[in-house]
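*Asks:* next one to model:
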Amino acid sequence: MEKVLDWSLINEKVKAYIELIKLKLTLAVVFSGVFGYCLAIDQVSWWKIVILTIASISITGAANIINQIIEKESDKVMKRTAVRPLPTGRLSVNEATAFAFILFGLGCFLFVDFFNVRAAALAVLSLLLYGFVYTPLKRKGQI
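*Replies:* Residues are numbered from 1 along each chain as shown. Alright, predicted model coming up:
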C-alpha cells in the first residue's frame, strides 16, 4: 500500500512552528538589527543582508522557543497564551527543543561564517539573556 502525505497535518505543524518562533515579534527584532547593520557599513551588500536576516531569525526564534518552553505551564492558565503550540499540545517540548537547537546552530554558523565570532557571541548572549535571565525574572516582578 502506498503511503500518502497528509498535507493538512504538515500544514498545521508548519503553522505551529512559525507560531512558536513568534514570527511577527522576531521580524521586528530582525528589522532593527538589519537597520543597524546598514547604518554601520559603507556599502550595502544585499546577500549579507539576506544572511543577516536568516541568522537573526534563527537566533531570535530559538530564544522565543526557550521562553515558551520555560513558560509552558503558566501559559496554559493565561487566556492570551493558552492557545500557543506547547500548551495546546500541537507541538511537544521535545519538538520545540529540537527546533530551538537547529535554529541556534544555524544562526551561530551563519554569524561566524559570514560575519565574525563577535557577532555570533553577541547573538548567543542575547539568547541567553532573553531565555534564561529575562524569562524567569519577569515572574519575580517588574523588569
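*Asks:* okay, and the helix or strand of the protein with the least pLDDT?
*Replies:* The weakest-scoring helix or strand in the chain, judged by mean pLDDT, DSSP states H and E, is helix 135-137 (a mean of 90).
*Asks:* what's next to that one, contact-wise?
*Replies:* Outside helix 135-137, the residues within contact range by CB atoms under 8 Å, 6 or more residues apart in numbering are Ile66, Asn67, Ile70, Glu71, Ile143. All C-beta spots, glycine's among them, are computed from the backbone N, C-alpha and C.
*Asks:* which secondary structure elements does the host helix or strand of the second one sit against?
*Replies:* Using DSSP states H and E, Asn67 maps to helix 46-70. Applying 3 or more CB pairs under 8 Å, 6 or more residues apart in numbering; DSSP states H and E, one finds that helix 46-70 makes contact with helix 7-20, helix 23-40, helix 85-88, helix 93-114, helix 117-128, helix 135-137.
*Asks:* rounded mean pLDDT for the first one, please.
*Replies:* Right, helix 7-20. Helix 7-20 comes out with an average pLDDT of 94.
*Asks:* and the contacts of it?
*Replies:* For helix 7-20, the surrounding residues in contact (CB under 8 Å, 6+ apart) are Gly61, Asn64, Ile65, Gln68, Arg84, Pro85, Leu86, Arg90, Leu91, Ala96, Phe99.
*Asks:* tally of neighbours for the fourth one?
*Replies:* Looking back up the chat, that one is Gln68. Residues within reach of Gln68, counting by other CB atoms under 10 Å, total 25.
*Asks:* quick one: contacts for the residue lying closest to it once chain neighbours are set aside?
*Replies:* Distance criterion CB to CB, 6 or more residues apart in numbering; nearest residue to Gln68, sequence neighbours excluded, is Leu86 at 5.5 Å. For Leu86, the contacting residues are Leu20, Gln68, Ile69, Lys72, Asp75, Ser92, Val93, Ala96, by CB under 8 Å, 6+ apart.
*Asks:* and Leu86, how far from Ile54?
*Replies:* When distance is defined by CB to CB, to the nearest Å, Leu86 is 24 Å away from Ile54.
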